[in-house]
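1. here's my sequence, what's the structure:
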Amino acid sequence: MSRPNSSVPEQPGLEVLSSHGIEVVPSSGLEVAPHDSAFVEHLAPEVVVSDKYYGAGEWYAPKAYSPIPPKQETPGLELAEQKKKSRRRLYVLIAIIVVVLIGAIVGGVVGGLQSRNNSGGSTNASSNNSVSSSAPNGTVTLQSLRPDSKLSVSGWRENDGFTIRLFYQDRKDNLRFSDYSTDEGSWSSSSKIATNDPMSGTPMGAAAIMQNDPPQYELFFLNSTSLLSGQNFRDGNTPAAGVWDSIDDYPVTVSNTSRMAMYWPYAVMQDEDDSLRLVTYLASSEGGPWKNQSLGISGLKSTTMAMIPQSSAYAFPYTAGIVYRTSDGNLAGYSVQWEVSGLAWDIGTPNTLPDETAIAAFAVARESDSINATNTYIVYQNTNNDIELLTNVNATWQVSPTVLTGADPGTDIACLTEALWENLNVLSSQYDMSRCYFMSGGQIREVLYNGTGWEELGNIPLT
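-> Numbering: from 1, shown residues only. Reported below is the predicted structural model:
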């Protein structure tokens, strides 16, 4: 995997962009401007030394000059001088007030994170249960990011830290990625992927293959003819921009309005008739490498989807859960297993969502659970463009009373669950990788769910 450049500065939180409005210029204090010699000579008389004076590198005889006449008292002059001094004091006071106001405005922008309750909308600055993600300076234009780009993310734990790769599309329809590693502590610069002819606005699905050493990132997307395409990335084995994937030789045609979700070894997408299709990786020795099958269930046209492991051990038959929207707009779940027919997965609510809203999900291990169950979190955007959270903690489904505000209308959402494979690793009960990504002000915003609420992590550094 391509590592972040260590020279990249640490990830910013909220970023204050340069403005063409009022500019506050830092100063070390009042500055005394230099004056030319003529002006100085006018302010002070020449200094006479003995019978000669020094000037322009030579000694000269004293100049003849008339004595300075005594100061004439002018009626009302003293009052006028006082008024001038008062005006000067007033101007200084106004300038100080303006600077203080500007500082307050800038400080308010930088510190403008708010927490508010979904039911009452009240602000609670000390709570981490929700966070405002409104863009401080409006929407920005980035060349490396389409304003309606789809998002996908994957990552894994290694040593005492973890690594993340986030995928997105730029304004020229190139696919790109950014990396994060706890070793570096910052996001890498954006990297272009060596793909040909991706569909404009393509859906994406990302996964990590832990069986490979080092692990391998896998990216699925659609090309301009709606064929499923892939690119894989393996540090030290492939170019940083990736290489073609074997799925390219196994043509799968899906709807050009399909969305996509992925968790290894599965990818789910939608056909023209709105039915959901599952593509599964099979070992070559078993007649693979890919199996393409209809799941026999239908979803709302262009339904967004998410996929997460349903066991912290993730052993055979690799049970994973698909979250999607039924034809009536309700959230629904469906469990799949490797080469085994799937079955309905009750997600505990008939929650109806807005048309074409994004869905994402993540999971962590349920502590001290004898059957290796997971705590599950489903993320989606509501009619107010706020991002809500549906939780299943200790086998109980409920809608969180807190929301994320400030998301762009119609944004895609991607959430991270660490990659797993049997006998290699198990799902952690820690929340340090429980991160989600969405568009806010034309940028990709990163947030962390810490087990009780959201934390703002800032924007992904793109240009």
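
2. where does pLDDT dip in the chain?
-> Along the chain, segments meeting pLDDT under 70 span 1-137, 284-287, 349-350.

3. in it, what residue spans correspond to helices?
-> 37-43, 77-110 (DSSP state H).

4. just the strands in the stretch 251-400 of the chain please.
-> Ranges of strands in the stretch 251-400 of the chain, per DSSP state E, counting those that start in this stretch, are 261-263, 266-270, 275-281, 290-298, 306-309, 320-325, 331-337, 340-345, 359-365, 374-381, 387-393, 396-399.

5. what's the most buried one of those strands?
-> strand 261-263 (a mean of 27; mean count of other C-beta atoms under 10 Å). C-betas here are computed from N, CA, C, even on glycine.

6. what lies in contact with stretch 361-376?
-> With C-beta atoms under 8 Å, 6 or more residues apart in numbering as the contact definition, stretch 361-376 has outside contacts at 306-313, 321, 323, 377-379, 391-395, 415-417, 426-431, 434-436, 449, 451.

7. restrict it to CA atoms and write it as PDB.
-> The C-alpha trace of stretch 361-376 is given here as PDB (Å, rounded to 0.1, in the frame of the first residue of the first chain):
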ATOM      1  CA  ALA A 361     -23.000   1.000   8.000                       C
ATOM      2  CA  PHE A 362     -20.200  -0.200  10.300                       C
ATOM      3  CA  ALA A 363     -19.700  -2.800  13.000                       C
ATOM      4  CA  VAL A 364     -17.600  -3.400  16.100                       C
ATOM      5  CA  ALA A 365     -17.300  -6.600  18.200                       C
ATOM      6  CA  ARG A 366     -19.800  -7.000  21.100                       C
ATOM      7  CA  GLU A 367     -17.700  -7.400  24.200                       C
ATOM      8  CA  SER A 368     -17.700 -10.700  26.000                       C
ATOM      9  CA  ASP A 369     -20.200 -12.200  23.600                       C
ATOM     10  CA  SER A 370     -20.200 -16.100  23.500                       C
ATOM     11  CA  ILE A 371     -21.500 -16.200  19.900                       C
ATOM     12  CA  ASN A 372     -19.100 -13.600  18.400                       C
ATOM     13  CA  ALA A 373     -22.000 -11.100  17.700                       C
ATOM     14  CA  THR A 374     -21.400  -7.600  16.600                       C
ATOM     15  CA  ASN A 375     -22.800  -4.200  17.500                       C
ATOM     16  CA  THR A 376     -24.200  -2.700  14.300                       C
END
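
8. quick one, what contacts the residue lying closest to Tyr431 once chain neighbours are set aside?
-> Nearest non-adjacent residue to Tyr431, counting by C-beta to C-beta, 6 or more residues apart in numbering: Gly451, 4.6 Å away. Contacts of Gly451 were listed using C-beta under 8 Å, 6+ apart, and they are Val364, Tyr431, Ser434.

9. Gly441 contacts Val140, correct?
-> Yes: contact criterion C-beta atoms under 8 Å: Gly441 and Val140 qualify, at 6.2 Å.

10. more neighbours, the two?
-> Using other C-beta atoms under 10 Å, the more surrounded residue of Gly441 and Val140 is Gly441, with 20 against 15.

11. okay, now Thr195: neighbour count?
-> Neighbour count for Thr195, taken as other C-beta under 10 Å: 20.

12. would you check that it makes contact with Asp173?
-> No: contact criterion C-beta under 8 Å: Thr195 and Asp173 do not qualify, at 9.7 Å.

13. from Gln381, how far out is Met439?
-> 10 Å (C-beta to C-beta, to the nearest Å).

14. tell me the bridge partners for Ser229.
-> Assessed by DSSP bridges, Ser229 has beta-bridge partners Phe221.

15. just to revisit the earlier point, need the overlap of contacts for Met439 and Gln381.
-> Ala407, Thr411.

16. count of neighbours near the nearest residue to Glu422 once chain neighbours are set aside?
-> Spatial nearest neighbour of Glu422, chain neighbours left out: Ala315 (4.0 Å); criterion: C-beta to C-beta, 6+ apart. As a burial measure, Ala315 scores 14 neighbours (other C-beta under 10 Å).

17. and Ile444, by the same measure?
-> Residues lying near Ile444 (other C-beta under 10 Å) number 24.

18. likewise Pro215?
-> Pro215 has 24 neighbouring residues, counting by other C-beta under 10 Å.

19. show the contacting residues for it.
-> Counting by C-beta under 8 Å, 6+ apart, the residues that Pro215 touches are Met1, Trp156, Ala208, Ile209, Arg234, Ala419.

20. for stretch 450-463, which positions count as buried?
-> The neighbour-count check on stretch 450-463 (16 or more other C-beta atoms under 10 Å) flags Gly453, Trp454, Glu456, Leu457, Gly458, Asn459, Ile460, Pro461, Leu462 as buried.

21. closest to Arg277 out of those?
-> Ile460 (30.6 Å; C-beta to C-beta).

22. ok, the closest one touching Leu166?
-> Yes: under the contact definition of C-beta under 8 Å, Ile460 touches Leu166, with a separation of 6.6 Å.

23. if I look at these two, which residues touch both of them?
-> Shared contacts of Ile460 and Leu166 (C-beta under 8 Å, 6+ apart): Ser178, Tyr437, Ile444.

24. which one of those residues is nearest Asp148?
-> Once C-beta to C-beta is applied, the member of the shared contacts of Ile460 and Leu166 that ends up nearest Asp148 is Ile444, at 12.3 Å.

25. nearest residue to Lys172 other than its sequence neighbours?
-> Lys172 sits nearest to Gln143 (C-beta to C-beta, 6+ apart), 8.0 Å away.

26. what about that neighbour, how many residues nearby?
-> Neighbourhood size, Gln143 [other C-beta under 10 Å]: 11.

27. cool, Asn256 as well?
-> Asn256: 15 neighbours (other C-beta under 10 Å).

28. contacts only, for it.
-> Met199, Leu222, Ser226.

29. pull out the buried members of these.
-> Met199, Leu222, Ser226.

30. I figured the second one hits Ser200, correct?
-> No: between Leu222 and Ser200 there is no contact, the gap being 10.0 Å when judged by C-beta under 8 Å.

31. rewinding a little: from the shared contacts of Ile460 and Leu166, which land in strands?
-> Ser178, Tyr437, Ile444 (DSSP state E).

32. who touches the closest residue to the second one other than its chain neighbours in this structure?
-> In space, Tyr437 comes closest to Ala414 once its chain neighbours are excluded; the distance is 4.8 Å by C-beta to C-beta, 6+ apart. Applying C-beta under 8 Å, 6+ apart to Ala414 gives the contacts Leu151, Ser152, Val153, Leu166, Ala360, Cys436, Tyr437, Phe438.
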